[in-house]
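Peer 1: have a look; sequence and predicted model below, questions after that.
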Amino acid sequence: MGPWPSQDRAAAFEAVGRGFESLRARHPRFHPATCVLNPEANSASSQMTWETALDQYTALIDRKLRGHFKSLKGAARRYHPFMLKTYENLEEYVLRRGKRLASCSTFMTYKGYAGEVDEKILKVCVGIELYRHCILIHDDLVDEDEARRGGKSFHKLFPDVGGARFGEGTAIFMGDAMYALSLEVILNSGFSGEALDEVIQLLVKDYRDVNESQVLDLLFEHKEPDVEEWYTMASKRASSLFRTTILTGAVLGNAPEEDLRALDEASTNIGYAFDIQDDIIDTFATKQQYGRTPGGDIARGKKPLHLVYALQLAGPKESKAIKRALGKGRISPGDLEKMRAVIRKTGALKAAKEKSIGHAKRAKMLINRTKMGKGSKEFFEGFIDYIAQSLDWYK
């Protein structure tokens, strides 16, 4: 099968860590030319940045998602008129402008081993996006977030029916339904045999893992974890999602066993690097870079790695100032700036950045060892470089 046709660019860049939020909107200074997929190519037309590839394949996956929702809405219409409205809201929530880094990770890994792409892998990518969004629906509800990607959180899409309880209950039920729908579309993708069984087991394990990590994330709002305990939680957060999406593509693309082991460790390190970076963004980005008011994690009392380090390294006075700002539900710009100053002064920001960069380097080394195709390797290397380079923007 030949190369897929070029598609229009998406307006925002979606990624992992608390739902893979629009990275480009957060970081206007980022230029994709810093991450070239074919650095040795002389022709401008033959150069493809990792972001350009992401745009192209996002458009393909979005097209498949629309087709799948058309089928889902048809079944919902036959069941009950209100369920049609529910699935229309679900479609709008999932298809908000963004980039599909989770499903594109599956897509690019598969392409790197199979050498081509087909309808089967696009169906799997639809399942991956439904899976990711079932987690986001619940995540928005637990964190009491009212917005995602320029629109209302799913539990806020039913203002005219039964008040907050109805919207929250519907979000729980439809998040669960989305998990079932994700498995259904993958089971009906056209893949079969042991590879398909292994992918389903990956998704089942990851769904349990990510929910367990969310419990610890909530727990840490009420206690002070050390670095080791933070890593215990983070091992099942973004790392879990990257591991599942990348290994899904590798398994279905018949990657050799030694590559599966390397990609398992590489994806775990990508997840750690991304989580640390994403948390630094929440504390140190401006509202213009972030797309929403920064400091939300601190206001909720969450403990990102840079704050774990700060609490360990701070003196009694600084520690008291940190604890006074945590978990108040909101944080003023002045208090946030004081918190940033403490994190810088203690060396916590530097320590967290060094951890993220170390994980990024490890991930790149492992990916380079694999037999994955060159274009797919360069896609992941570009994204990993972006994570590491963007840390310089927050000081």
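Peer 2: Right, received. Where do you want to start?

Peer 1: please make it C-alpha for all contacts and neighbour counts, starting now.
Peer 2: OK.

Peer 1: return the set of buried residues in the strand or helix carrying residue 306.
Peer 2: Residue 306 belongs to helix 305-313 when assigned by DSSP states H and E. Along helix 305-313, these residues count as buried under the neighbour rule (16 or more other CA atoms under 10 Å): 305, 306, 307, 308, 309, 310, 311, 312, 313.

Peer 1: was I right to think the second one contacts residue 280?
Peer 2: Right, residue 306. Yes: with contacts counted by CA atoms under 8 Å, residue 306 reaches residue 280, the gap being 7.2 Å.

Peer 1: common neighbours of those two, please.
Peer 2: Taking CA atoms under 8 Å, 6 or more residues apart in numbering as the contact rule, the neighbours common to residue 306 and residue 280 are residue 349.

Peer 1: part of a helix, is residue 75?
Peer 2: Yes: counting by DSSP: H, G, I helix; E, B strand; the rest coil, residue 75 is part of a helix.

Peer 1: that one and residue 159, how far apart?
Peer 2: 24 Å (CA to CA, to the nearest Å).

Peer 1: returning to that earlier point: which residues sit against the next helix or strand after the helix holding residue 306?
Peer 2: Toward the C-terminal end, the helix or strand that comes next after helix 305-313 (DSSP H and E) is helix 316-325. For helix 316-325, the surrounding residues in contact (CA under 8 Å, 6+ apart) are 298, 299, 310, 311, 331, 335, 339, 342.

Peer 1: next one: stretch 128-142
Peer 2: Residues contacting stretch 128-142 (CA under 8 Å, 6+ apart): 18-19, 94, 100, 102-103, 146, 153-155, 168, 171-172, 174-179, 181-183, 245.

Peer 1: which pair in the buried residues of helix 305-313 spans the largest distance?
Peer 2: Farthest apart among the buried residues of helix 305-313 by CA to CA are 305 and 313. That separation is 12.3 Å.

Peer 1: quick one: contacts for the closest residue in space to residue 284 that isn't next to it in sequence?
Peer 2: The shortest distance from residue 284 to any residue other than its chain neighbours is 5.8 Å, reached at residue 394 (CA to CA, 6 or more residues apart in numbering). Going by CA under 8 Å, 6+ apart, residue 394 touches 280, 281, 284, 285.

Peer 1: tell me the one of those nearest residue 224?
Peer 2: residue 280 (17.9 Å).

Peer 1: which residues are in contact with the closest one?
Peer 2: 304, 306, 349, 394.

Peer 1: can you dump the C-alpha atoms of stretch 235-252 in PDB for me?
Peer 2: C-alpha atoms of stretch 235-252 as PDB (Å, rounded to 0.1, in the frame of the first residue of the first chain):
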ATOM      1  CA  SER A 235       5.100   3.900  36.700                       C
ATOM      2  CA  LYS A 236       1.400   3.400  36.000                       C
ATOM      3  CA  ARG A 237       0.500   6.800  34.800                       C
ATOM      4  CA  ALA A 238       1.800   8.200  31.400                       C
ATOM      5  CA  SER A 239       4.400   5.400  31.300                       C
ATOM      6  CA  SER A 240       1.600   2.900  31.300                       C
ATOM      7  CA  LEU A 241      -0.200   4.600  28.400                       C
ATOM      8  CA  PHE A 242       2.900   5.000  26.300                       C
ATOM      9  CA  ARG A 243       3.900   1.400  27.000                       C
ATOM     10  CA  THR A 244       0.500   0.100  25.900                       C
ATOM     11  CA  THR A 245       0.100   2.200  22.800                       C
ATOM     12  CA  ILE A 246       3.700   1.600  21.500                       C
ATOM     13  CA  LEU A 247       3.700  -2.100  22.300                       C
ATOM     14  CA  THR A 248       0.300  -2.500  20.600                       C
ATOM     15  CA  GLY A 249       1.800  -1.300  17.300                       C
ATOM     16  CA  ALA A 250       4.900  -3.400  17.900                       C
ATOM     17  CA  VAL A 251       3.000  -6.700  18.700                       C
ATOM     18  CA  LEU A 252       0.700  -6.300  15.700                       C
END
